[in-house]
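Peer 1: Here is a sequence together with a model predicted from it:
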Amino acid sequence: MIDYIAAQVDFPEIDLRQRLTVSKGYGVTEIFVPEGSQFVGTPIRDTELSERDINVLTLYRDSKVIPNPRSDRVLEPGDKLLCFGKLESMRGMIPARTQRKRRPKVKDLDMDTVNASLNESDGEGSSDV
């Protein structure tokens, strides 16, 4: 029976990420579990990822690759989870301080300082273009 099913399965030459991002609002990403994370010491089933519509496809631990990890697998610091799910939910898991680092705050220019700098460079015969 299994041989019959295997013969029916089609394995097209398509990138897995491309295949999994077909649904709008869903995609694949890696979630890193750092030291001190709320997930450390927690079984995958208790992380509530599935309630956020996120499925763990693969667990990377040191040099081990654990495909389709069991829900009772306890997470450790340094684990990486390859996940498929709602992109919005996965983005919401990025800590606020990390989000701030990725988006630097833009400051307004002090026009008096800019004008003074321009006036100084005009008198020095600068050839910068």
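Peer 2: Received, thanks.

Peer 1: C-alpha only now, for contacts and for neighbours.
Peer 2: OK.

Peer 1: confidence score at Gln99?
Peer 2: According to the prediction, Gln99 has pLDDT 50.

Peer 1: can you check Leu87 too?
Peer 2: So, for Leu87, pLDDT stands at 87.

Peer 1: and it, what does it touch?
Peer 2: Gly25, Tyr26, Gly27, Val28 (CA atoms under 8 Å, 6 or more residues apart in numbering).

Peer 1: go again using 6 Å as the cut-off
Peer 2: The neighbours of Leu87, taking CA atoms under 6 Å, 6 or more residues apart in numbering as the test, are Gly25, Tyr26, Gly27.

Peer 1: Neighbour-wise, which one of those leads?
Peer 2: In terms of neighbours by other CA atoms under 10 Å, the contacts of Leu87 top out with Gly27 at 20 neighbours.

Peer 1: contacts for stretch 47-64?
Peer 2: Stretch 47-64 is contacted from outside by Ile66, Pro67, Asn68, Asp79, Lys80, Leu81, Leu82, Cys83, Phe84, Gly85, using CA under 6 Å, 6+ apart.

Peer 1: I'd like these written out as CSV, with secondary structure added.
Peer 2: As requested, these are exported to CSV (DSSP: H, G, I helix; E, B strand; the rest coil):
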residue, secondary structure
Ile66, strand
Pro67, strand
Asn68, coil
Asp79, coil
Lys80, strand
Leu81, strand
Leu82, strand
Cys83, strand
Phe84, strand
Gly85, strand
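
Peer 1: that older thread, what is the nearest of the contacts of Leu87 to Ala116?
Peer 2: Nearest to Ala116 among the contacts of Leu87: Gly25, at 49.3 Å, using CA to CA.
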